[in-house]
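Colleague: Quick one: sequence plus predicted model below, questions after.
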Amino acid sequence: MPSEPRKDPLVGLLRRSANEVQGLEDQGGDSGALWGAHERALVRARDAGSAAQRIASTAARQRGAMDAVADRTRALTSRSQELEALTARSLDAFERLGLVALNAGLEAARRGEAEGRSLSLVGEEVRALSVRGIDAARELGASLTHLAADLQQLDAQVGQAHAVLTEVAQDSARAAGAASDAEGALVDMGERVKQLTGTDPEAVRAVAEAGERARGLVSTLANLRDRVAPELLVRALSPMLEPLARLLAEGQEERQGEGDAELR
């Protein structure tokens with residue numbers, strides 16, 4: 001009868017090691033999910049705080065730009081009022097010039113056709129210039145009136161935009177403060193979870209990485225099982241498995257001791 005293959009304890013240890021790591025992963029599954037949610041919430045809180053600060057900074061720049069536009073609008077309004085006053089004086093001057101032309105025509109009529117013809121021609125030319133000047137002054141005055149109305153409306157709109165930007169800056173500042181408070185609360189919650197569960201994100205990630213490496217090792221050995229003698233694998237893996245065995249044995253003893261203490 002063919003002899004049964006020798007069961008090396010290290011081969012069994014390898015299998016138990018994979019099971020132990022899987023067990024650690026299973027036990028840390030809930031902790032991993034909890035820490036994952038905690039880290040996502042913390043990242044979102046920090047992102048929200050950064051976004052609120054950027055919005056506040058943008059609103060502050062826009063408020064500065066609006067202040068410059070408001071100053072320019074007020075300066076244009078003041079200049080428009082000065083031009084309206086100047087146009088009114090020009091209109092008055094052209095109207096007075098029209099009276100001069102009228103008086104010149106009357107004087108030319110009094111002198112008669114022979115003596116007053118030249119004066120009559122001058123009066124007509126002055127009257128024509130006066131009429132054109134009055135029309136131009138009135139048209140310019142109407143345009144300045146429309147311009148003043150537009151500038152007044154623009155100033156009102158700039159004021160409204162400035163008020164809105166002020167509210168945005170205040171809201172973003174409150175949002176940044178709330179995000180900072182949320183981040184602080186999440187950090188505090190993480191410390192409390194760490195104390196209650198005895199785990200932290202680094203430990204959970206380390207366990208997950210150990211599980212991945214263990215599964216990779218088991219998969220590689222499974223592929224080599226039919227091509228390499230078990231004794232050769234055992235000799236190659238002994239330097240690694242022996243420390244692992246001690247580590248797992250210590251963990252089992254600690255868990256066993258905690259279980260016995262709870263039973264007592």
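Modeller: Arrived safely, thanks for sending.

Colleague: The closest residue to residue 38 other than its chain neighbours is in what secondary structure piece?
Modeller: Counting by CB to CB, 6 or more residues apart in numbering, residue 38 lies nearest to residue 190, which is 5.5 Å off, once chain neighbours are set aside. C-beta here means a position set from N, CA and C on the backbone, and glycine is covered the same way. In this structure, residue 190 is located in helix 9-197 according to DSSP states H and E.

Colleague: For that helix, what does the pLDDT average out to?
Modeller: Here the mean pLDDT over helix 9-197 is 83, rounded to a whole number.

Colleague: Surely the residue nearest to residue 38 and residue 45 touch.
Modeller: No - between residue 190 and residue 45 there is no contact under CB atoms under 8 Å: 11.8 Å.

Colleague: Could I get the pLDDT score of residue 247?
Modeller: 68.

Colleague: For burial, what's the neighbour tally of residue 117?
Modeller: In terms of burial, residue 117 registers 12 neighbours under the definition other CB atoms under 10 Å.

Colleague: correct me, but it touches residue 108?
Modeller: Yes - taking CB under 8 Å as the definition, residue 117 is a contact partner of residue 108 at 7.1 Å.

Colleague: and residue 87, how many residues sit next to it?
Modeller: Around residue 87 sit 20 other residues, with neighbours defined as other CB under 10 Å.

Colleague: now do residue 85
Modeller: By other CB under 10 Å, the residues close to residue 85 number 11.

Colleague: From residue 92, how far out is it?
Modeller: According to CB to CB, to the nearest Å, residue 85 and residue 92 sit 11 Å apart.

Colleague: what do you get for residue 229?
Modeller: To residue 92, residue 229 is 120 Å away according to CB to CB.

Colleague: Could you do residue 35 as well?
Modeller: Taking CB to CB as the measure, residue 35 falls 85 Å from residue 92.

Colleague: how about residue 227, secondary structure?
Modeller: When classified by DSSP: H, G, I helix; E, B strand; the rest coil, residue 227 comes out as coil.

Colleague: Quick check: the gap between it and residue 220.
Modeller: To residue 220, residue 227 is 11 Å away according to CB to CB.

Colleague: Between the two, tell me which one has more neighbours.
Modeller: Between residue 227 and residue 220, residue 220 has the larger neighbour count (other CB under 10 Å), namely 10 against 6.

Colleague: Which strand or helix spans the more buried one?
Modeller: Applying DSSP H and E as the criterion places residue 220 in helix 201-224.

Colleague: and that helix, average pLDDT?
Modeller: 70.

Colleague: one step back: quick one: which of residue 35 and residue 92 has more around it?
Modeller: When neighbours are counted by other CB under 10 Å, residue 35 comes out ahead of the other of residue 35 and residue 92, with 22 against 12.

Colleague: How many residues are close by residue 97?
Modeller: A total of 17 residues lie near residue 97 under the criterion other CB under 10 Å.

Colleague: Could you do residue 80 as well?
Modeller: Neighbourhood size, residue 80 [other CB under 10 Å]: 20.

Colleague: The one 4 residues further on too?
Modeller: When neighbours are defined as other CB under 10 Å, residue 84 has 17 of them.

Colleague: what sits against it?
Modeller: Residues near residue 84 by CB atoms under 8 Å, 6 or more residues apart in numbering: 141, 144-145, 148.

Colleague: One more: residue 90?
Modeller: Going by CB under 8 Å, 6+ apart, residue 90 touches 133, 137.

Colleague: gap between it and residue 78?
Modeller: In this structure, residue 90 and residue 78 are 19 Å apart, going by CB to CB.
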